[in-house]
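> Next come a sequence and a model predicted from it.
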Amino acid sequence: MSTEDFHPVHKKTANRLFYSLLFLHLIPLFFGKYFLTQDGPSHLYNAFVFRDLILNHHSFYSAWFDINKVPNPNWLVTAFYALAMMVLPAFLAEKIFLVLYVLLLPLSFRFLIRQINPNSSFIALLIFPLIYNITLYLGFFNFCFSIIFYFYAVGYWLKYQGFFNLKKQIAFLLLVTLTYFSHPVSFVILCMTIGTLILSMLYQEIKRNQQPGRHLLKRITGFFIALLPSFFFFLTFFRESGSEISFTQRSVKGYIIDQLQNYGLNYPGNADLRICTAFAAILILFFSYNLVIRIRNKRFYRFDILYLFFVLFSIMTYFSPEEIAGGSVILIRLILFSNIISIVCISAYSYPEKLKKVSLCVFFGFAVFWLVFKVFHFEKIQERLTTFMSIENRIQEGKTILPFIVHQGNPDGSPLDTIRDIDIIVFLHAANYLSLDHHLVCLSDYEASQSYFPLKWKAGKDPSTFFPEYGEMLTDSEFSTYASKSGAWPDYVLIWDESGRFGERKMLIGELEKHYVLDKETRYAWLYRKEN
């Protein structure tokens with residue numbers, strides 16, 4: 001068994017491959033003005049409105065929105081975008097945020113791996129296939145960035161073994177608090193991980209008789225201090241949002257298939273399931289190798305408790321709720337973390353040099369192949385986004401727009417997989433980009449309808465209770481009722497229908513034509529304008 005890291009020449013090669021992948025994974029972000037995801041446009045639009053409400057007491061948006069002052073764990077993206085848009089246009093703010101995500105996710109993961117075992121730093125290349133994961137396509141940017149803070153927080157704790165002076169304690173407190181303000185799921189998993197590591201070190205120190213009681217007290221005290229602000233905010237959030245929990249019935253077979261097919265990585269549609277399964281096979285091979293080594297050597301290693309944590313975490317994931325306090329789509333986040341924890345587990349062992357060299361080539365080749373496969377889909381989405389945005393020259397500034405995404409299908413054109421817990425409708429909130437560019441009130445702003453985002457609708461203005469999200473069941477009464485409640489008709493209604501069957505939707509067209517005229521038509525988009 002090798003106890004030393006790569007030969008200097010091989011170490012340089014590993015670093016070059018790592019930074020090459022880092023550069024290559026930035027390329028998809030620059031295919032167009034915006035990088036379209038399902039919820040991403042809403043984050044950018046809400047931050048734009050938030051910034052305007054803060055800076056302008058006579059804001060056009062003040063008649064529609066209020067700021068939600070509850071310290072919710074979804075403030076990170078809004079705060080970043082709002083600050084960035086004070087000096088930059090919105091599309092650049094989004095670019096910078098996503099560039100930081102793509103750069104920092106691998107860098108933070110490598111930092112964590114090096115704290116666990118510097119001899120296995122080549123394992124860090126396995127994080128690259130996880131960059132463009134399903135939660136990123138869904139536009140869950142807060143959650144995606146919370147993983148970075150999770151890596152840095154755990155790595156920082158390991159670096160100092162949980163012993164902090166004042167300066168280090170403040171740094172750790174900031175990392176934990178930033179994890180909370182990114183996403184509560186990552187915050188809870190962070191607490192579980194640190195708790196597991198504290199128990200592991202306690203066990204080791206008891207075996208070595210190294211004053212375990214005093215060390216345990218120091219570690220628990222340091223962790224407790226770091227948790228105090230976040231724990232207070234966490235309780236406030238649940239008190240304001242409620243504690244309603246919703247469970248989804250799952251089958252053991254379906255859950256195992258989701259794990260083996262890496263549902264957390266899967267792009268919408270089924271074309272990439274084999275590649276996702278190949279990634280799972282790599283992890284299973286390394287797990288098996290580690291098991292054989294432990295049986296052969298009849299010993300356990302320092303961080304083998306992580307394997308127990310992985311098993312317990314996987315069992316807990318199966319029984320996890322799908323919605324807590326208004327937050328939903330929990331399963332895929334946990335499955336993504338299952339991948340992360342499994343990669344962390346296999347980094348605990350130092351591998352022979354030959355296996356390192358072969359693995360380095362395999363990991364690099366797989367990451368490049370996976371990225372090329374994804375790029376094909378990104379290009380197709382960008383082409384359709386250009387078509388979507390082409391209607392913007394027909395829209396006047398300072399108006400209201402009500403978008404409907406009628407056709408439900410995956411971004412690659414495949415039908416929805418109804419077996420899955422979640423499906424991605426990538427154009428669902430794309431109208432928020434139009435609203436940004438033309439200072440519109442977007443009446444499909446779902447974030448303002450939720451209790452856990454920084455923006456909320458004013459009383460009587462929330463359209464979500466009047467209009468269906470997709471539009472197939474639109475009726476005249478919904479328009480007139482909303483107009484009487486809010487005091488205004490939508491100035492524009494935008495229909496986006498990729499089915500090629502918009503002409504067959506007689507009821508929808510009939511209801512629109514009672515009050516609106518068709519202003520512009522493209523291949524997939526129909527823009528209706530309110531008659532004077």
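Structure's in. What do you need? Residues are numbered from 1 along each chain as shown.
> Spit out the contact partners of Gln382.
The neighbours of Gln382, taking CB atoms under 8 Å, 6 or more residues apart in numbering as the test, are 31-32, 36. For every residue, glycine as well, the C-beta is placed using N, CA and C.
> And the average pLDDT for the helix or strand harbouring it is what?
Gln382 belongs to helix 353-389 when assigned by DSSP states H and E. For helix 353-389, mean pLDDT rounds to 90.
> And that helix, how far out from the chain middle?
On the basis of CA atoms, centre = their mean, to the nearest Å, helix 353-389 sits 18 Å off its chain's mean C-alpha point.
> again, but for stretch 328-335
Centroid displacement of stretch 328-335 relative to its chain, using CA atoms, centre = their mean, is 10 Å.
> swap in stretch 61-71?
The answer for stretch 61-71 is 24 Å, by CA atoms, centre = their mean.
> can you give me the end-to-end distance of it?
One end of stretch 61-71 to the other measures 22 Å (CA to CA, to the nearest Å).
> For that stretch, buried residues please.
Neighbour counts over stretch 61-71 (16 or more other CB atoms under 10 Å) mark 61, 64-65, 68, 70-71 as buried.
> so of these, which ones are in helices?
Mapping the buried residues of stretch 61-71 onto helices (DSSP state H) picks out no residues; all lie outside.
> Write a ChimeraX command that selects only the buried members of the contacts of Gln382.
Here is the ChimeraX command that picks out the buried ones among the contacts of Gln382, judged by 16+ other CB under 10 Å:
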select :31,32,36
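> so of the contacts of Gln382, which ones are in strands?
Using DSSP state E, no member of the contacts of Gln382 falls in strands.
> residue ranges with poor pLDDT in the stretch 1-150 of the chain?
1-10 (pLDDT under 70).
> show me where the protein has strands.
Counting by DSSP E, the chain has these strands, from start to end: 65-67, 245-246, 323-324, 327-328, 400-405, 441-442, 455-457, 492-496, 516-521, 525-530.
> Would you mind giving the ones you listed as a markdown table with distance to Cys345 added?
Written out in a markdown table, the entries for those read as follows (distance: least, CB to CB, whole Å):
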| stretch | distance to Cys345 |
| --- | --- |
| strand 65-67 | 43 |
| strand 245-246 | 29 |
| strand 323-324 | 27 |
| strand 327-328 | 27 |
| strand 400-405 | 40 |
| strand 441-442 | 44 |
| strand 455-457 | 40 |
| strand 492-496 | 44 |
| strand 516-521 | 55 |
| strand 525-530 | 48 |
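> what about the ones you listed, which gets the closest to Thr13?
When these are compared for distance to Thr13 using CB to CB, the nearest one is strand 327-328, at 42.9 Å.
> And the furthest pair within the buried residues of stretch 61-71?
So for these, where distance means CB to CB, the most widely separated pair is Trp64 and Pro71, at 23.1 Å.
> Just the pLDDT for the residue lying farthest from the centre of the chain.
With distances taken as CA atoms, centre = their mean, the residue sitting farthest from the centre of the chain turns out to be Asn209, at 43.2 Å. The predicted local distance difference test score for Asn209 is 73.
> do you know how far it is from Leu202?
From Asn209 over to Leu202 the distance is 12 Å, taken as CB to CB, to the nearest Å.
> for Asn46, same thing?
Using CB to CB, Asn46 is found at 44 Å from Leu202.
> Between those two, which is the more surrounded one?
More crowded of Asn46 and Leu202, by other CB atoms under 10 Å: Asn46, with 24 against 16.
> contacting residues around the more buried one?
Asn46 neighbours (CB under 8 Å, 6+ apart): 78, 445, 447-448, 453-455.
> want to throw these into CSV with neighbour count?
Listed next are those as CSV, based on neighbours: other CB atoms under 10 Å:
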residue, neighbour count
Thr78, 24
Asp445, 27
Glu447, 23
Ala448, 25
Phe453, 24
Pro454, 23
Leu455, 23
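> Just the residues you listed: which are in helices?
Taking DSSP H, the ones among these that sit in helices are Thr78.
> now, which of the contacts of Asn46 sits nearest Thr465?
Proximity of those to Thr465 (CB to CB) peaks at Ala448, which lies at 12.3 Å.
> Let me know the pLDDT of the closest one.
Looking at Ala448, its pLDDT reads 89.
> cool, and the one 3 residues further on?
For Ser451, the model assigns a pLDDT of 78.
> in stretch 27-47, what's buried?
For stretch 27-47, burial by neighbour count (16+ other CB under 10 Å) applies to 28-29, 31-47.
> follow-up on the earlier one: how much space separates the residue farthest from the centre of the chain from Leu199?
Applying CB to CB, the value for Asn209 to Leu199 is 17 Å.
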